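**Q** have a look at this prediction, sequence included:
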Amino acid sequence: MEPVVRIENISKSFGSGNKKVDILDQINLTIEPHQLVALRGRSGSGKTTLLNLIGALDKPTDGEIYIEGNPISKYNEKQCSELRRQKMGFVFQSYGLVPLMTVEENIEFGLRIAGVPRAEWAEKIKESIELVGLSKRAKHRPYEISGGEQQRVAVARAIATKPALLLADEPTAELDTKMAFHIISAFQELVKNKTTTIVMTTHDPGILEIIEHVYTLEDRKIAKDKQEIII
Ligand SMILES: Nc1ncnc2c1ncn2[C@@H]1O[C@H](COP(=O)(O)OP(=O)(O)OP(=O)(O)O)[C@@H](O)[C@H]1O
């Protein structure tokens, strides 16, 4: 089976001339199907930058990224958005919820955009809302619920489509410990039953402890994973 993500010698810089900043330098990383991968690193180490590159939201300065074996660095904007629509789900820090839509409608909107057949919407909405523990908030609008609840709606919307690849930037940042672990165990379940592959960022030591594949971004490189640290 092809890796879901294969990163080959990726470098990323922002700006130019004396304002140029190098963020990632010749990074290599392979993510196999149905792994739950966590990226950690200090603030500014490039975690979001790397997620954006994997999600075809930004282009590397150098190197290649393969998604299910397809090199995407030469994709044009239309190809990138088609790739995201067909294969990916996103939980980013701004959540991107539509303010005038209820929780259910926000999730339905995500299903519609991903091209999921209408007949499947009701079940997928119910299932994903239950998974994040928001059944009692289904008819509320984003401004009527807390920041943590909005984050959970963003998670529900992303997992409802059962994307091949779920990219989640600090998906538990706004949550209390109990809810954070609830979301991570939902992620573990999705990986275990081979629904999806997940790449997430987190600073939370408790969560890093229970995730099998952990990579650290440091000094523009990807450093050792968790198992090597334990040894
Ligand atoms: N579009 C951009 N233009 C210029 N610099 C950028 C741009 N995007 C990110 N950077 C810089 O790249 C560096 C890495 O940012 P990034 O957001 O990837 O870090 P991070 O590890 O996700 O940090 P945090 O944990 O604080 O979210 C930062 O110094 C940031 O200022």
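**A** Nice, thanks for sending it over.

**Q** what ranges do the strands span in this structure?
**A** Counting by DSSP state E, the chain forms strands over residues 5-14, 21-31, 36-41, 62-67, 70-71, 88-91, 165-169, 197-201, 213-218, 221-225, given from the N-terminal end onward.

**Q** ok, now how distant is the residue nearest the centre of the chain from A114?
**A** Relative to the mean C-alpha position of the chain, the nearest C-alpha, by C-alpha atoms, centre = their mean, is the one of L167, at 1.3 Å. As for L167, its distance to A114 is 14 Å (criterion: C-beta to C-beta, to the nearest Å). Quick note: C-beta positions are derived from backbone N, CA and C, even for glycine.

**Q** repeat that for R157.
**A** From R157 to A114 the distance is 10 Å (C-beta to C-beta).

**Q** more crowded one of these two?
**A** Neighbours around R157 and A114, counted as other C-beta atoms under 10 Å, are more numerous at R157. The numbers are 28 against 20.

**Q** doesn't K87 make contact with the residue nearest to the centre of the chain?
**A** No - the pair L167 and K87 does not pass the contact test of C-beta atoms under 8 Å, sitting 10.5 Å apart.

**Q** spell out which parts of this protein neighbour the ligand.
**A** The interface of the chain toward the ligand, taken as C-beta under 6 Å from any ligand atom, is made up of F14, G15, I23, G41, S43, G44, S45, G46, K47, T48, T49.

**Q** run a quick neighbour tally on the fifth one.
**A** Other residues within reach of S43, judged by other C-beta under 10 Å, total 6.

**Q** ok, A160 - contacts?
**A** With contacts defined as C-beta atoms under 8 Å, 6 or more residues apart in numbering, A160 is in contact with I107, G110, L111, V116, K124, I125, E127, S128.

**Q** skip the chain neighbours and tell me the closest residue to it.
**A** Closest residue to A160 in three dimensions, ignoring its sequence neighbours and counting by C-beta to C-beta, 6 or more residues apart in numbering: S128, at 3.9 Å.
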